[in-house]
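>>> Would you be able to build a 3D model of this:
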Amino acid sequence: RDRAMKISTVNRCVEVLSNSMAVLPVYIMNERNKERLSKHRLGRMLWGRANEAMTTFDYQRLMLCNQLLRGNAYAWICRDPHSGHPLELIPLPPDHVDPLLDLNGLLWYRFLHPITGEVWHLRPEDVLHYKAYSEDGIRGISILRRAALTLDTAQAAQRYENSTWNSGGQPSGILTTDSDLGGEIEVPGPDGTMVKIDPKEQLRKSWEAVHRGPGNAMRIAVLDLGLKYQPISMSNTDAQFVESKEIRVADICRFFGVPLHLAYAGKQSYQSNEQNGIEYVNYTLLSYETQWGQEDSYK
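Numbers count the residues shown, from 1 in each chain. Prediction:
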């Protein structure tokens, strides 16, 4: 997750989706006449503060981030021991929660306390569980896992781009000479002792010390001993690096269901961006909102 969030497109998609869900208002409503119940006992918990540590905005953003990056988001419903009324929602770290079925086919949530190591078995009616795409209806599969190949390609491209700039923006190459540099030779070291060195390795290190790195780009090379420099790699233009980068951005946005213009990519017009925004609400946000609304209403 940490490596994936260093990809700008992934970071932007997670920010857009989590903030979009976080700003959505939460209402308690009478299903028959759609009347908003502003004085309902759950009002303070859902409208003001999800619990004493975070606002409702923070809670909803945290839940969707967990759902996107980990595949599952959990919140423990802390209830009044006498009436059973919910008092607060306590987000649980998804890596410490494991949904399981007992021998009778009943669902339980096993929670391993990250500090004390205590194991709790929570009933499903006391746990809000927001799932990503699931193949069994019990555990969600994160987008990062499903998009692993695409993200690995994007990370490799970032490493290539970083390596290119660290090497001065120039392609790697070879130094050739008609003379024989020979094998290992002994030279006096800094302390006076004799050490063995490889002339080829010493030449390579001296060349990199002068010409490698963005601060040494475009420096004039002075070659002696009949040395000649010959580049052997493709340039960024030959590899169509820019075009492939745009394709990777579109691939990642496609996994998250985020329009390109929200990831600061693409070349759409205002009208197309407006239509994409409507489709983003209808086909991306609405699915999360429906799942959350049904889970919250039921439990």
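>>> For the rest of this, base every contact and every neighbour count on C-alpha atoms.
Will do.
>>> what secondary structure does the most far-flung residue of the chain relative to its centre sit in?
Relative to the mean C-alpha coordinate of the chain, counting by CA atoms, centre = their mean, the farthest residue is G192 (53.1 Å). Secondary structure, DSSP: H, G, I helix; E, B strand; the rest coil: G192 is coil.
>>> and the gap between it and L203?
Using CA to CA, to the nearest Å, G192 is found at 22 Å from L203.
>>> And for Y59?
The value you get for Y59 to L203, if CA to CA is used, is 58 Å.
>>> of those two, who's got more company?
Y59 (21 against 13; other CA atoms under 10 Å).
>>> And the host helix or strand of the more buried one, what does it pack against?
Element membership of Y59 [criterion: DSSP states H and E] is helix 56-69. The elements that helix 56-69 packs onto, with contact taken as 3 or more CA pairs under 8 Å, 6 or more residues apart in numbering; DSSP states H and E, are helix 8-22, strand 49-51, strand 72-79, strand 127-131, helix 143-146.
>>> and these as JSON lines, adding mean neighbour count and distance to Q291?
Formatted as JSON lines, these follow (neighbours: other CA atoms under 10 Å; distance: least, CA to CA, whole Å):
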{"stretch": "helix 8-22", "mean neighbour count": "19", "distance to Q291": "12"}
{"stretch": "strand 49-51", "mean neighbour count": "19", "distance to Q291": "18"}
{"stretch": "strand 72-79", "mean neighbour count": "20", "distance to Q291": "12"}
{"stretch": "strand 127-131", "mean neighbour count": "23", "distance to Q291": "7"}
{"stretch": "helix 143-146", "mean neighbour count": "16", "distance to Q291": "17"}
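>>> residues in contact with the helix holding Y59?
Here helix 56-69 makes contact (CA atoms under 8 Å, 6 or more residues apart in numbering) with 1, 14, 17-19, 21-23, 46-50, 72-74, 91, 94, 130-132, 142-144.
>>> go again using 7 Å as the cut-off
Applying CA atoms under 7 Å, 6 or more residues apart in numbering, the external contacts of helix 56-69 come out as 1, 14, 18-19, 21-23, 46-50, 72-73, 130-132, 142-144.
>>> remind me, longest helix of the protein?
Using DSSP state H, we find that the single longest helix of the chain is helix 148-166.
>>> Send over it as CSV, restricted to the C-alpha atoms.
This file holds the C-alpha atoms of helix 148-166, laid out as CSV (Å, rounded to 0.1, in the frame of the first residue of the first chain):
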residue,chain,number,x,y,z
ALA,A,148,-1.1,-5.5,-9.1
LEU,A,149,0.3,-6.0,-12.6
THR,A,150,-0.7,-2.5,-13.7
LEU,A,151,0.8,-0.9,-10.5
ASP,A,152,3.9,-3.0,-10.8
THR,A,153,4.4,-1.7,-14.4
ALA,A,154,3.8,1.9,-13.2
GLN,A,155,6.4,1.4,-10.4
ALA,A,156,8.9,0.0,-12.8
ALA,A,157,8.4,3.0,-15.1
GLN,A,158,8.9,5.4,-12.2
ARG,A,159,12.1,3.6,-11.2
TYR,A,160,13.3,3.8,-14.9
GLU,A,161,12.5,7.5,-15.0
ASN,A,162,14.2,8.2,-11.7
SER,A,163,17.3,6.2,-12.8
THR,A,164,17.3,8.1,-16.1
TRP,A,165,17.4,11.5,-14.3
ASN,A,166,19.9,10.3,-11.7
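>>> okay, the angle between it and helix 8-22?
130 degrees (axes from the mean of the first three to the mean of the last three CA atoms, to 10 degrees).
>>> State the helix or strand in which K205 lies.
Per DSSP H and E: K205 is located in helix 199-211.
>>> Let me see the mean pLDDT of that helix.
What helix 199-211 shows for mean pLDDT is 71.
>>> which residues does R36 form a beta bridge with?
Listed by DSSP bridges, the beta-bridge partners for R36 are M29.
>>> any idea how far E279 is from P81?
In terms of CA to CA, P81 sits 44 Å off from E279.
>>> neighbours of G266, just the number please.
G266: 14 neighbours (other CA under 10 Å).
>>> So it: helix, strand or coil?
Going by three-state DSSP, the secondary structure assigned to G266 is coil.
>>> Contacts only, for it.
Applying CA under 7 Å, 6+ apart, we find G266 in contact with L260.
>>> Send me stretch 95-115 as CSV with only the CA atoms.
C-alpha atoms of stretch 95-115 as CSV (Å, rounded to 0.1, in the frame of the first residue of the first chain):
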residue,chain,number,x,y,z
ASP,A,95,-5.3,-6.1,9.2
HIS,A,96,-6.4,-7.2,12.6
VAL,A,97,-9.9,-8.4,11.7
ASP,A,98,-10.7,-11.7,10.2
PRO,A,99,-14.3,-12.7,9.2
LEU,A,100,-14.9,-16.4,9.7
LEU,A,101,-17.7,-19.0,9.7
ASP,A,102,-18.1,-21.4,12.6
LEU,A,103,-19.2,-25.0,12.3
ASN,A,104,-22.9,-24.0,12.3
GLY,A,105,-22.3,-21.6,9.4
LEU,A,106,-22.6,-18.5,11.5
LEU,A,107,-20.5,-15.4,10.7
TRP,A,108,-18.2,-14.0,13.3
TYR,A,109,-15.5,-11.3,13.3
ARG,A,110,-12.3,-12.2,15.1
PHE,A,111,-10.5,-9.1,16.2
LEU,A,112,-6.9,-9.3,17.4
HIS,A,113,-6.1,-6.3,19.6
PRO,A,114,-3.0,-4.7,18.1
ILE,A,115,-1.6,-3.6,21.6
